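In: Just a sequence and a predicted model for now, questions to come.
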Amino acid sequence: MSSTDSTWKYENFEPAGSAIGYRITRKLDEVQSPFQKIEIFESTDWGNVMLIDGAMMLTTRDNFLYHEMMSHPALFTHAAPKNVVIIGGGDCGTLREVLKHPGVEEAVQCDIDEQVTRMAEKWFPELCERNSDPRAQLLFDDGIAYMANRAPGSVDIIIVDSTDPVGPAEGLFNKAFYESCFRALKDDGILVQQSESPLVLLELIKEMRGEMGKAGFAGFQTLPFPQPCYPTGWWSCTLARKSKSDGFGFRDTDARGKGFDTLYYSADIHRGAQTLPPFVAAALGEG
């Protein structure tokens, strides 16, 4: 297949002056929801590709990197996570990873756009294989309102699996939302937020951690990981704890003896991600 414009699909990422592209064989599906435009393409090398409002969301080939790092580090850091809330996450990949932990008793996924989940069920069914798990509860509602109304001290882990901080996700990166999360978490609870590229968006990570601090969170840990389909190919998640004394040591023995398969996450990967490159550590005040 020739490398012509008609066979390639690109996302131009203006903040970094760069782009990501995939060689496309055909368009599989498209839907305009009340919130955003969702498109599915078939690629030559990366399986199916989902775009939302023109931005790359996931591919069949590399989504495991993001979903595993958004879930397992936090679940192995918490002493005994039972109640988990996922805000966003409509493709259900993070939900699948969370429910690999047998100790989890309830996992609520609250995404504002039902069409993301319906498209995932159709074109990424492997991500949705835990949707019928009796511990799973799929809600299609405003995640900001859901967290504001969640009972105080009722959640062990909140995972904010959102798109970039624009459009429907814009309100998921500010003090008011983080205050709702702080209130809903138990004293030993953990908040996880996808935190963009540490290579080109360090200021956003600093601002996000600052907003978390204003909401009451006392300890933070940003974990970088590779993610080829996102701008720069290098992404991160940030964990926040209510009490700084809880720290970010994790259950190493449990992580090494986990009774489920992962493609990227391991105890050694987790430990390695805790050591930030010097320029990131310095920018975040950890150097």
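Out: Sure, I can see it.
In: Where does the prediction get shaky in the stretch 1-150 of the chain?
Out: Low-confidence segments of the stretch 1-150 of the chain, defined by pLDDT under 70: 1-6.
In: do the same with the stretch 151-287 of the chain
Out: For the stretch 151-287 of the chain (pLDDT under 70), the answer is 163-173, 287.
In: just the helices in it please.
Out: Secondary structure of the stretch 151-287 of the chain (DSSP state H, counting those that start in this stretch): helices at 175-184, 202-214, 252-256, 267-273, 278-283.
In: Among those, show me which one is buried the most.
Out: Mean neighbours per residue, mean count of other C-beta atoms under 10 Å, is largest over those for helix 175-184, with a mean of 20. From N, CA and C alone the C-beta is placed, and that goes for glycine too.
In: Could you list every helix and strand that it packs against?
Out: On a contact count with 3 or more C-beta pairs under 8 Å, 6 or more residues apart in numbering; DSSP states H and E, helix 175-184 meets helix 143-149, strand 155-161, strand 185-194, helix 202-214.
In: Can you give the contact residues for the last one?
Out: By C-beta atoms under 8 Å, 6 or more residues apart in numbering, the list of residues contacting helix 202-214 from outside reads 165, 173-175, 178, 191, 193, 195-196, 198, 220, 222, 236, 238, 240, 280, 283-284.
In: And this structure, split by domain according to the record?
Out: Partitioning the chain according to automatic domain parsing yields domains covering residues 5-59, 63-283.
In: how close does K244 get to V31?
Out: Distance check for K244 against V31: by C-beta to C-beta, to the nearest Å, it reads 44 Å.
In: So these two - more neighbours on which side?
Out: Using other C-beta atoms under 10 Å as the criterion, K244 and V31 rank with V31 on top: 14 against 10.
In: residues contacting the more buried one?
Out: Applying C-beta under 8 Å, 6+ apart, the residues contacting V31 are K37, I38, Q115, R118, M119.
In: how long is stretch 126-146 end to end?
Out: End-to-end distance of stretch 126-146 (C-alpha to C-alpha, to the nearest Å): 27 Å.
In: buried stuff in it?
Out: L127, C128, R130, N131, R135, A136, L138, L139, D142, G143, I144, Y146 (16 or more other C-beta atoms under 10 Å).
In: shouldn't the fourth one be in contact with L138?
Out: Yes - N131 sits in contact with L138 when judged by C-beta atoms under 8 Å, with a separation of 6.5 Å.
In: Strands along the stretch 1-150 of the chain, start to end?
Out: Listed in chain order, the strands of the stretch 1-150 of the chain (DSSP state E, counting those that start in this stretch) span 8-13, 18-32, 37-43, 48-52, 55-59, 83-88, 106-110, 136-139.
In: Is it possible to get TSV of the ones you listed that adds distance to R256?
Out: TSV is the format used below for the strands of the stretch 1-150 of the chain (distance: least, C-beta to C-beta, whole Å):
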stretch	distance to R256
strand 8-13	37
strand 18-32	34
strand 37-43	35
strand 48-52	33
strand 55-59	28
strand 83-88	22
strand 106-110	23
strand 136-139	27
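In: Buried deepest among these, which one?
Out: By mean count of other C-beta under 10 Å, the strands of the stretch 1-150 of the chain have strand 83-88 as the most buried, with a mean of 26.
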